[in-house]
Each structure stands twice: as structure tokens, then as C-alpha cells.
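J.: the following comprises the amino acid sequence and a computationally predicted model.
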Protein chains: 2
Amino acid sequence: MLTEKARDQLASIAGQENMKTDTASLLAYSYDSTSQYQAMPDAVVSPATTNEVASIVQVCNNENIPIVPRGSGTNLCAGTTPLEGGIVLLFNRMDQIIEVDEENLTIRTQPGVFTKDINKVAEEVGLFYPPDPGSMHISQIGGNISENSGGLRGLKYGVTRDYILGLEIVLPNGKIIRTGGKLAKDVAGYDLTRLYVGSEGTLGIVTEATLKLIPQPETKKTMLALYRDLESAAETVSAIIANRIIPATLEFLDQATVRVVEDFAQIGLPTDAQAVLLIEQDGASEVVARDMERIAVLCKENNAFKVTVAESKQQADALTSARRTALSALSRLKPTTILEDATVPRSEIAKMVRAINDIAVKYEVSICTFGHAGDGNLHPTCLTDIRNKDEITRVEKAFEEIFHKAVELGGTITGEHGVGAMKLPHLHLKAGEAGIEAMRSIKAALDPNGIMNPGKVFTQAERNRVVVNK
Amino acid sequence: MLTEKARDQLASIAGQENMKTDTASLLAYSYDSTSQYQAMPDAVVSPATTNEVASIVQVCNNENIPIVPRGSGTNLCAGTTPLEGGIVLLFNRMDQIIEVDEENLTIRTQPGVFTKDINKVAEEVGLFYPPDPGSMHISQIGGNISENSGGLRGLKYGVTRDYILGLEIVLPNGKIIRTGGKLAKDVAGYDLTRLYVGSEGTLGIVTEATLKLIPQPETKKTMLALYRDLESAAETVSAIIANRIIPATLEFLDQATVRVVEDFAQIGLPTDAQAVLLIEQDGASEVVARDMERIAVLCKENNAFKVTVAESKQQADALTSARRTALSALSRLKPTTILEDATVPRSEIAKMVRAINDIAVKYEVSICTFGHAGDGNLHPTCLTDIRNKDEITRVEKAFEEIFHKAVELGGTITGEHGVGAMKLPHLHLKAGEAGIEAMRSIKAALDPNGIMNPGKVFTQAERNRVVVNK
């Protein structure tokens, strides 16, 4: 609970009208896109400037009030659930693109800008911001930075981290620092920029970012390849890379996912295939044409029974959009959807998908798998019902085994969703105890009072979990 | 001084024959490629395995013995000078490429491998490791990682950081951690991989690295454009980027540098030009052909008085090699060469070069400038004589003003050389006091006894400087 003094201080900083403490507001920000996690904040505050953020942080640091910075709450790791109460910090009043610099190929933005608008503004001047997390139409760039969001273009273009050149950060002590800049090269001290990208709001608050843009690819082509078995699809992925082609997108969908997506999107997806690859290449038109031809041959050589190249931009967009609806489509089927992101080296995809299927059978749970085959980032997705305690126990066991398997294959427990509260119990599998200890010491050094997003990544604080039914 | 006990312990770990304490050996490792800095270590140790490194670190941590990890010592920031004594750790016995994984496009390597050999091994299987620091023929990959080395291809391909997927690290407490992996996506906790890249050996010791490779570009073309004035060269750089072309290399040399390089390399470089651009493009042959044609037009439109495309690979290699000899060529002229790396946003290059020239005149010192124009990473290089105390004082003042100017233009005090001991007094200009405080707290958290490479980046420890004459 906030003291009256703290409440008054916060209201006087942001303005009474930008601080909500009514139950409806608190409830609205008591959960994010992650099933199973809910906890009530004490207040929801919307600052308008970096200085206001700094003042708020100072109050919270003095009074030991937890701060949960939150974009659109689209994360899937319970990364923005206010597990220990305190204030949820919104950036709806810090939502401006400050500058597009065509000469330096950068964009300077506040955290509350929607990712899709970064894309749009870049495109308007023939530039390109590649990171495209599944939620990009509603996610905010500040959230993307905190989670180091991935997306469908990771294989060729990398992830959010690869496009963050500089940050303005309010440290947990309320001081403001600026890292990096419009600079491709900067080695002045430790790389705080990349330390903060993906730190899930546990080390401070990003109040401004300078992003790197690249020239827009001249053209793009989209292809669909259908398989009667999983191995052939996985072998195609390997064959494409072995031929030194790096497609912009190389997505995998299993039959269950294709059926659900088709049922939802109705665009004529082939529900009889056991596995589908959605492949996109972009770049100079000659190169795209040549790559797509070679990819089509490789698909056929690896037993694709059908290969279709989209004939128009509309058709291509429909295919990509259908893939993007996978989570929405799947989540219609059962009361609870748990979307994970176990990730393995590309060479281990077939083994991993097979292991997921075996684990689902073993625990008698329903798991569909789709994801970014090109970078080994899979999305095993469990359709379940949180009210069924017995099933939920089996689901948790199944995912634990999936994480173990991913790490055993040289992979990780999370490729792009983050640890948050959700995967906190599994972090040791990937980072090891000494690794967690190192991370924890960094956290303690920068945030000695533990006010920033407590209960996330690795903190042992008890979870204030409120189970809700959908 | 090492205690007898510590000396015995270290010798028993690495083997007596792999620990040198004779004066000749100590002297050989008392300096690196940075003028003006020298200090004697107490021992030079060459471990053979990660476990040996861990045991050595444990001894040093218990006994408060400084450790200076060192590759080939080619750094230009006094990054490996053992300012507080202790042991210099060499990796000549950890010099194996462990694995080239063509399916996952990765290479796993020990720190003592020469950068050029990483390149060579990658090329043999049609792959490419882009970072190419000036010293790549003798530098070790471990040193590149510690310094986050840049190079000529930074504009298009990024720097060392962008190719490090995973690390094995011996922490200052002697524990071994593994970060990342053969993974394009991994967000399991803080990004320790990138925190360690560029941390200049102050946070621990990298004992193994997994590097990302990319397909080798199909072809490459090289072009030289000559200008009668600096502004035209800078405007060409802007025009190329404004036309959405990102060349692989976009190097700038001023007249003084060109003259010295030509005198050294004798390959017919045009010594009458006031400014020269060396431009390379690589990729698919159609794209390279088209880009080079457009670039040639842009050069002429921006007043290049001559544009030459290399007609053969030999001719192209000669041009690039000549550029690579700039430091060697310049360092023949005077007893002391100080090569800096003030870096600005690309749009500010002309302003920065002009400011450097004005500052050189003001302090009556001789400064040539060349560097990576495409990414704003300039190398103002001062030819001086360390025995001339009066001149050295003016040189130091000139560089201080250059760093101020770079930061004022939105740049940084170091683009690719690192802070080390050399730029430690200037770090606050870029990072700010709050930024340094944040870095220092991370250092204290991970290395509470301050054993790792003390006196570098930001530590206030007094410099044990021994001035030597060349």
C-alpha cells in the first residue's frame, strides 16, 4: 500500500489526473497477456517527461515502492504483472517519435510509440525497422526494448537488440543517463545499452531510444511449402542454409496449427499437410528471384508435395497475416492458452519438435507447435483450462521437460519472450547458478532497494499469484 | 610482488615452463601497442585450459593479485599494460578453433586464435566473419572480444559484438559460466554476452567464444574517388547513404595520410588529392555492379575529379592493403605515433575533420586524419616525439579538445579502440558521472577485489606510468 505522503508526491509529479487508484484501473493493470498471473498494483501513473519519471523513481526509491514499467502488456512471461504491488508506470503520454534522421539512418523515439508506427514512419522515407514481434500492431517500442523482442525476421535481420543504438535511462536511484547515440561504433565503457535491452524493466526505465534503420528491401516474395512429414520440413530448412541462402522469414507450422489458423483466417491453407514452411525472401529483385527459385528446388528435393509462390502482394500478405494470427486462432479453442518459446540451434529443430510431440503424449496434454524455424525459435503452445488443476499440473511438468530438452540440445528456455515471473523457476537450466549469481549481483548493484519490477527474471521473492479464470 | 606461495601455486597450475618471471619476459609484456604506457608485471602465465584459468583466478582473487588478460597486445588504449603489476595472462596455449558448424553458421573458438585464421577457416567453407580490425593479421580473437574491435566493414556489417553469440567466461571469483550459444535468439536473463564484449578484461576472462558466420558475399568491387576538398568527400558519403546504398567499406584518407601511405606502399596513390575515398561493395554480382555504377555517378556529382574502379582482385587488394598500412606508414615518420578514434554521427564527418585540422593548427601539432567515414569513426593521428615534453603537453591538450568536439557533435571519445588507461580521463565526457557510477557499481559487483585489469576503463587507481623513449 502507498502511504498518503507517497501518493500525494506521485500525484503532484504526474498530475492527479494522470494517476489512477480506482479499482477498475488497478484491475486493468493487474495482469498482462500471460495466463495464470495476476496481482493488484497500488496505483497506475502516466508521466509525461523523463524528468517526471526521474522524480517518480526518486520517491519510489526513498519509500521502497515497486515500479513496474509497462508498454501494452503484450508480453508472454508475466513480465509486467505487479507481483509485489506498487505502481504500474505507463508511457501513453510519452508516445512521440522525436526525429527521423535520414542521413544517419536513425529514429529517435519515446517508449510509448507503437512498434507498427516505427515501421510506418521508416517506410515512408524508404527505410526499414526489421524487428517484428507477433504483437507489433499493438506493442510499444519501450516494451520491445525491455523484452528484447524477436519476431519473424530474426534469422536474417536479428532482434530488437540489434537495432538499439542508444538509450536514455532513468536509473533506480533516479539519475538519468544517456548511452550510445547515432553511432555504429562506440566503445566508451561497458555496453550499458545492450545490458538494458532485455533486462525486463528490472534495472531502470528506458525513457528514450535511438534506433537503427536500414534501407528498405527493394522487393519481397512469399512461398508456401507443404510436407507429409516433419523431418522433410526440417531438412529443407537445413538445406536452404547449407546453400548459403538466408531467407528473411522461415516459419514452421505443424498440422494442428495450420488447421486452427485456416479455421480462423479462411484463406485456403492446406489442412492436409503434416508440416508447412512459410518462406519469405527480400532484397534486390534479381537476388530474390534467384533465391526463391533455388529455395523452391530445395523444397521439392526435400519432399515438399506442393510449393506455391504467392502471386500478388495481397496473397503474400494474407499468408503472413495468417501466420501472425496463430496465437489468436489457437486461443479461441480452449479457455487457457500457454505459448512458450523454447529455442534450439537450427540443426536441432526436428529433434525438438519430435520431443515436444512425445512429451505432449506422455503427459496427455494438447500442444501445437509453430515458430521461427530459421532461427530455431519454436512456439510450443498448450491449449488447456486453468480450472482443471490436474491438467495444469501435467502441463507444467510437460513444459519443464520441454525446457530441459531445449537446453540439452544446446538451446535456451526462452528465445524471445523473456523470463519474467513465468520462466523464473527454469532460468538456472540455461544460466547456471553462477550465471544467476552474476546477474543478481548486477541487479543489486544498480537497484540496491529492489524497486524495479520485483519478482522478475531471478528474484526469489514469493509470487503473489492470484489465479483467475477466463 | 608475488609472494613465494602465490608463485608456487601459479607454477603448479600452469606448469613451471609456462610461467615466466625473468626480466626479459616481464619487459616484453610491460607494454602494448600504445605509446607512453609501460609497467612491469610480476609474472607472465600461459594456461592451457579453462580449468587452469579458473584455478589461476582463484589464487589471484585470494591473494589480491592483478590479472591482465592479453592477446597480441595490438590495442591502442593501453588496455593490456599491467599498470598495477600482477600477472599477464597469455592465451598462446589456448589457440584452437574447436568447431566450424556449417549448419548453424557458427564457429567455436578459443581466445588465442588469430583473427585472420577465423576469417580463413570461414572462407574455406564459403562463410564469412566480417569484423576486420586494422590489426587482424596478428590480433587474437580474445582481444577483439575484450575490446569489441571494429574495422573497415563496420558500416555494413557491424563490429565484433554483432558476431558473438556465446561466451565461456571465468568470473573474477573463479567460477565458470556459459552465456548464449548457437542461438540467434536467447533472452534468458541479462545479456551477459554483450556486457562482457568490450569490457576490456575488467570483468573476467573469456576462455571460449561462439561466433556467428554469414554466407560469403558472391563478389566484391573496389573504387577510389579523389577530391580537391574535404567537404566534397563528406558530401559524397552522405549522398551514397541518402541513395540507400550501404557499401561494405567507405574509407576516408586526408592528403597527409595519402602521401605517407603512398611513400610507404608505392602503389601509385594520387598524392595531389586533398581527400580520398576508398569504397568497396560486396554481395550478389548484379547488385554490386549496379551499386558501384550509382556510387561512381554520386562521386562525380559531388565533385570527385577522378573515380577509378579496381580492374582486378590484385589491384583491389593493393588499395585495401595500402589503407591498412596507414598506421605503420605514419609511425615511420616520427618517434611517437598517437592514433585516436574520435567518432561522430556520419552526418558530422566534415565538421569533425575540419575541427581536427583547426585544433592541430591551434596547438601547433601535426595530425593526419583517416578512418571509416561510413560509420563516422575517424582516426586523427598525431606524429610527435615523446621526448619533447612541451609538444606532448600540446598534443594532450589537442586531443582533449578533439574528444570534447566529438561528444559535442553527438559522437564518442572512442569508436573502436576502447578506453583502457589512455582515455580513462575522458570517459566522463561521453558516459557522464552517473553513467560511470553505474559502470563502476557493475565492476564492484562482479569483481569486488578489483583484480581484473585494474586501472582500466574508469578505475581511479594511480597510474604507474614509466615513460620510455623509442
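T.: Thanks, I have it. Numbers count the residues shown, from 1 in each chain, chains lettered A, B, ... in the order given.

J.: how about stretch A:128-139: buried residues?
T.: A:F128, A:Y129, A:P130, A:P131, A:D132, A:P133, A:G134, A:S135, A:M136, A:S139 (16 or more other Cβ atoms under 10 Å in any protein chain shown). Every C-beta, even on glycine, is put in place using the N, C-alpha and C of the backbone.

J.: could you do stretch A:106-123 as well?
T.: A:106-119, A:121-122.

J.: same check on stretch A:201-215?
T.: Applying 16+ other Cβ under 10 Å to stretch A:201-215 flags A:201-214 as buried.

J.: can you tell me if it touches chain B.
T.: Yes: under the criterion of Cβ under 8 Å from any Cβ of the partner chain, chain B is reached by stretch A:201-215 at A:L203, A:I214, A:P215.

J.: any chance of the residues you listed in JSON lines, plus secondary structure, pLDDT and distance to A:A256?
T.: Below are the residues of stretch A:201-215 next to chain B laid out as JSON lines (DSSP: H, G, I helix; E, B strand; the rest coil; pLDDT from 0 to 100; distance: Cβ to Cβ, whole Å):
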{"residue": "A:L203", "secondary structure": "coil", "pLDDT": "98", "distance to A:A256": "39"}
{"residue": "A:I214", "secondary structure": "strand", "pLDDT": "97", "distance to A:A256": "36"}
{"residue": "A:P215", "secondary structure": "strand", "pLDDT": "97", "distance to A:A256": "39"}
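
J.: which one of those sits closest to chain B?
T.: Nearest to chain B out of these is A:P215 (Cβ to the nearest Cβ; 3.7 Å).

J.: just to check, that closest one is in contact with B:A242?
T.: No: in this structure, A:P215 is not within contact of B:A242 by Cβ atoms under 8 Å, at 10.3 Å.

J.: can you tell me the closest non-neighbouring residue to A:A318?
T.: Nearest non-adjacent residue to A:A318, counting by Cβ to Cβ, 6 or more residues apart in numbering or on different chains: A:I267, 4.8 Å away.

J.: follow-up on the earlier one: can you flag which of the buried residues of stretch A:106-123 belong to strands?
T.: Among those, the ones falling in strands (DSSP state E) are A:T106, A:I107, A:R108, A:T109.

J.: as a markdown table, the residues of stretch A:201-215 next to chain B with distance to B:I87 would be great.
T.: What follows is the residues of stretch A:201-215 next to chain B, written out as a markdown table (distance: Cβ to Cβ, whole Å):
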| residue | distance to B:I87 |
| --- | --- |
| A:L203 | 33 |
| A:I214 | 44 |
| A:P215 | 48 |
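
J.: which one among those residues gets closest to B:L427?
T.: Of all the residues of stretch A:201-215 next to chain B, B:L427 sits closest to A:L203, with 20.2 Å by Cβ to Cβ.

J.: burial count for A:T320?
T.: 18 (other Cβ atoms under 10 Å in any protein chain shown).

J.: CA atoms only for the host helix or strand of it, dumped as CSV, please.
T.: In the assignment (DSSP states H and E), A:T320 maps to helix A:313-324. Extracted C-alpha coordinates of helix A:313-324, given in CSV (Å, rounded to 0.1, in the frame of the first residue of the first chain):
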residue,chain,number,x,y,z
LYS,A,313,1.3,-8.8,-52.6
GLN,A,314,-2.3,-9.4,-51.3
GLN,A,315,-1.8,-13.1,-51.4
ALA,A,316,1.6,-12.9,-49.7
ASP,A,317,0.2,-10.6,-47.0
ALA,A,318,-2.7,-13.0,-46.4
LEU,A,319,-0.2,-15.8,-45.8
THR,A,320,2.0,-13.8,-43.5
SER,A,321,-1.0,-12.4,-41.6
ALA,A,322,-2.5,-15.9,-41.3
ARG,A,323,0.8,-16.9,-39.6
ARG,A,324,0.6,-13.9,-37.3
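
J.: who touches that helix?
T.: Applying Cβ atoms under 8 Å, 6 or more residues apart in numbering or on different chains, the contact partners of helix A:313-324 are A:134, A:152, A:220-222, A:224, A:249, A:251, A:253, A:261-262, A:265, A:267, A:269, A:278, A:280, A:310, A:370.

J.: next helix or strand past that helix?
T.: helix A:326-331.

J.: buried residues of that next one, list them for me.
T.: A:A326, A:L327, A:A329, A:L330, A:S331.

J.: so which elements touch it?
T.: helix A:255-265, strand A:336-339, strand A:377-384 (3 or more Cβ pairs under 8 Å, 6 or more residues apart in numbering or on different chains; DSSP states H and E).
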